[in-house]
Structures are given as C-alpha cells and as structure tokens.
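In: I would like the atomic coordinates for the input below:
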Amino acid sequence: MILAPDLATAEDLLAGYPGPASFFFASPRGAFRTDGAYLTVPPSLRPDAHADLPGRVAAALGLARAAGHESPIAVGAIPFAPTADAALVIPERVRRAAPLAGPDAAPPDDPRPPAPPYGPADRGAYRVEEVPGPGEYAEAVRRAVARIEDGELRKVVLSRALRVVARGGHEIGPLVAALAGRDPRAYTFAADLGGGRTLLGASPELLVTRTGGKVVANPLAGSAPRSADPEEDRRRAEALLASAKDRHEHALVVDAVADALRPLCTALDVPAEPELIRTAAMWHLSTVVEGVAAPGVTSLALATALHPTPAVCGTPVEAARTAIAELEPYDRGFYTGMVGWEDADGDGEWVVTIRCGVAEGDRLDLYAGAGIVGASDPAAEVAETGAKFRTMLTALGLETADAR
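Out: Down below sits the predicted model:
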C-alpha cells in the first residue's frame, strides 16, 4: 500500500474527487481518502451474503498483506438487504488528514443554514421529485401503526425519497466538502458503488468501532427537528428527552444493540438513561454502549451482528423487513446499510448509512426515514423525515423548510 504524507485538511483530500474507485471517510478519529482497487472483496456464494462477509473481508486482507501491502484496509459500503452484495475494496493508495473537528469541539449550535458552499445560483437548475409524496407517506405510516396495534410489529422504520435532478450533473467533491463543512462532527463519507454511482452523506450515527479490544456503539433513536429560535430549540430538546413515545422507541434500539453485542464481548456497559445530542438539523436521543471484544471478533463481525438495528429497520426484524418491502415503493439499496473500513488486525469503524444519497449522472436520490411505533402521528413523521432531508438539501443550497 502506498501511504502519502499526512495532509493538512480533509478539503485537500477532496480536491479532484472522485478518482478511480475513490473512497472518502471522515470521523472524529481522522479523515482519509483512498484511490484505486488493488483487490475487490469477492461476492458471496451464499443467499445470505452478509453472513460470511467478515470472513471474506479477513481473507482478502490476508491475501493483500501476503502480496506485499504494508497496511491493507478494506473500505466501502454494505447494503441494507442481507441478500445483497457489498461494495468493498482494498485500495491501492491511502492518504490521511486530521479530523474535521477536535474531540472536544462542540456540535453545531446554530441550525440555520449558512450561505451554501455548493450549488448553482440558479435554483431552476434543479428539479426535485418526491417518492412517495407526503400524503402517500402519511398513509404508509397509518398502515404501519395498524400493524403495530394488531401485534404484528413493535416498531418499523419507514423511509421516503427525494430525487434531485441537476442540469449538468452533480459535482461530488464540492458536495461532500459542503457536507463536511456543515457538520464537522458527523461521519462524512463518499463511496464508489461502481457503474457510475456514488454513495455520499453525513451520518450522525456510529454503528460500531473496534480499537484493539475496545468496542463502542452509539445507537440513536427518537428525534426532533432543530429550531432557529434558541428558546424554541431548547423546548424541543427538553420535550424530546421527556417524550414517552421517543424514549420507548430509543429503548427498543438500545436493548437490541446490547443483545447483539453481549455474545461477542467479554464485558459490556449499557447506560440506563439516554442523552441528547444535536446535529445541524436534528436533536436525537443517544446512548453510548461500550465493551470489550472477545478474542478474534473483528469490527465487521460486530457490525454484521448489529445490522440492522431497530433504528433503521424495526422489531421483530423479519416482520419489519416484510413491512418495509410492502410499504416502501423502492429498493433501499445502500440506504440504512453501513459504510466504513476495517484493517488487517480487525480494527475498524462502521457507521449507519443515513442522511445520505446516491448520485448517478444528473440524478441524486436522497433518503430519510422515521421510526414508527404505536404512538406515532403520521403528520409528525412526515415533518421528521422532511427535517432529516435538510442535511443533504442544505449542502445542495436548496430551500429546506418543507423538504421540497
């Protein structure tokens, strides 16, 4: 592997992005960009493609190290569906930079969008299509609540999409830079999916990291839109923390994360109460779960055991998957999957693929979802998904008040 000298900023890494098989990832640990595919992780021969993914990645990393790579890593994205193959490669070249924000930096305090650093001055250069529209999405929420009341489900996450068509196409590097600049504490990413498609976004949610023996997961569930008025913003945060509906939704996710991690860890600490965290667009309920990995358990083994959490799918998992397939009018693809990296020692960092989109030619498909429980209100869930679109729409320089 060719390691370039450390660069000053993540913006340096994004200059000229993308190149062949490029991947960009920025987290509180640092930022890096990879280029070229020395080796592609082969597809699975099993119908449940995620089941043997940790082994396939470990084998590919071992092969690369044996062939002379000094510090091989596997990078890329893993889709939502367990039957779909991942887009993971071992790159030829890695360049690194310092984190976008220091470990003690405060999250964004002002939810009002700044002057957009990306996007044409002529907003008529964009055409936005909703899939489904707000009314259809609200009806899907009502149908999901009926299933929950019938006992079929405890929670399901339903999403909707926006297709943003840009005259002349989208510039990936500047758009990713705009995402990174808007919320430097988010996990900003861009991954080549092949076929001219790029997955990009700025996720607030860490699925799991493994560093040596230390394991950290940070499930988020229960959300409220930010307000530009400081007093209203404070009230929304307090209401979220006190909300029985949102705390129930959050507890379902934390319990599932803990249950998935316990067999793979020798110790696990699960806080009894959630905390509030904020992004530029949203308040979230957050719990940081910490543990110690059992010998031989890699970051990807942890990630695939966790995926999908009730934060992006629901519970029970198979019933939620069935409801998603019936109520959402599209294949999620890589949305609500995971994106990240793993090295040859099994350390790695994987985040939940939300606040994201897939760019292809002149199209950029954006996604946002909301957790539906028995107390969910369809109008409120429409508003929540609209607020979650703001991460991407603000970076595009589009109006964000109604996500249109």
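In: does residue 272 count as helix, strand or coil?
Out: Judged by DSSP: H, G, I helix; E, B strand; the rest coil, the three-state class of residue 272 is coil.
In: could you pull up phi and psi at it?
Out: phi -80, psi -20 (degrees, to the nearest 10).
In: do residue 50 as well
Out: phi -80, psi -20.
In: from residue 28, how far out is the closest residue to it other than its chain neighbours?
Out: Nearest non-adjacent residue to residue 50, counting by Cβ to Cβ, 6 or more residues apart in numbering: residue 82, 4.5 Å away. (Each C-beta comes from the backbone N, C-alpha and C, glycine too.) Note on residue 82: its distance to residue 28, by Cβ to Cβ, to the nearest Å, is 29 Å.
In: do residue 231 as well
Out: 30 Å.
In: one more: residue 321?
Out: Residue 321 sits 32 Å away from residue 28, going by Cβ to Cβ.
In: again, but for residue 343
Out: On the measure of Cβ to Cβ, residue 343 and residue 28 end up 17 Å apart.
In: next: residue 344.
Out: Residue 344 is 23 Å from residue 28, by Cβ to Cβ.
In: more neighbours: these two, which one.
Out: Per other Cβ atoms under 10 Å, whichever of residue 344 and residue 28 has more neighbours is residue 344, with 20 against 17.
In: need phi/psi at that one.
Out: phi -70, psi -10.
In: report pLDDT for it.
Out: Looking at residue 344, its pLDDT reads 95.
In: which residue packs closest to it, ignoring adjacent ones?
Out: residue 61 (4.4 Å).
In: repeat for residue 286
Out: Closest to residue 286 by Cβ to Cβ, 6+ apart is residue 277, at 4.4 Å.
In: could you confirm that neighbour falls within a strand?
Out: Yes: per three-state DSSP, residue 277 lies within a strand segment.
In: which other helices and strands contact the helix or strand where residue 33 lies?
Out: Per DSSP states H and E: residue 33 is located in strand 30-40. For strand 30-40, the elements it packs on are helix 10-14, strand 23-27, helix 53-66, strand 87-97, judged by 3 or more Cβ pairs under 8 Å, 6 or more residues apart in numbering; DSSP states H and E.
In: lowest average confidence across the ones you listed, which one?
Out: Among the helices and strands packed on strand 30-40, helix 10-14 carries the lowest mean pLDDT (a mean of 85).
In: give me the buried positions along it.
Out: 10, 11, 13, 14 (16 or more other Cβ atoms under 10 Å).
In: now do the same contact list for the residue nearest to the spatial centre of the chain.
Out: What sits nearest the mean C-alpha location of the chain, by Cα atoms, centre = their mean, is residue 353, with 2.2 Å. Neighbour list for residue 353: 77, 80, 189, 199, 201, 203, 334, 335, 336, 337, 338, 339 [criterion: Cβ atoms under 8 Å, 6 or more residues apart in numbering].
In: lowest mean pLDDT among the helices and strands, pick that one out for this protein.
Out: strand 2-3 (a mean of 46; mean pLDDT, DSSP states H and E).
In: just checking, residue 199 touches residue 338?
Out: No: Residue 199 is not in contact with residue 338 according to Cβ atoms under 8 Å; the separation is 10.9 Å.
In: give me the more crowded residue out of these two.
Out: The neighbour comparison of residue 199 against residue 338 (other Cβ under 10 Å) goes to residue 338, with 27 against 24.
In: avg pLDDT for stretch 282-297?
Out: On average, stretch 282-297 scores 97.
In: show me which residues of that stretch are buried.
Out: 282, 283, 284, 285, 286, 287, 289, 290, 291, 293, 297.
In: can you list those in CSV and add secondary structure and distance to residue 136?
Out: CSV is the format used below for those (DSSP: H, G, I helix; E, B strand; the rest coil; distance: Cβ to Cβ, whole Å):
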residue, secondary structure, distance to residue 136
282, strand, 23
283, strand, 27
284, strand, 26
285, strand, 28
286, strand, 31
287, coil, 33
289, strand, 36
290, strand, 41
291, strand, 41
293, strand, 43
297, coil, 43
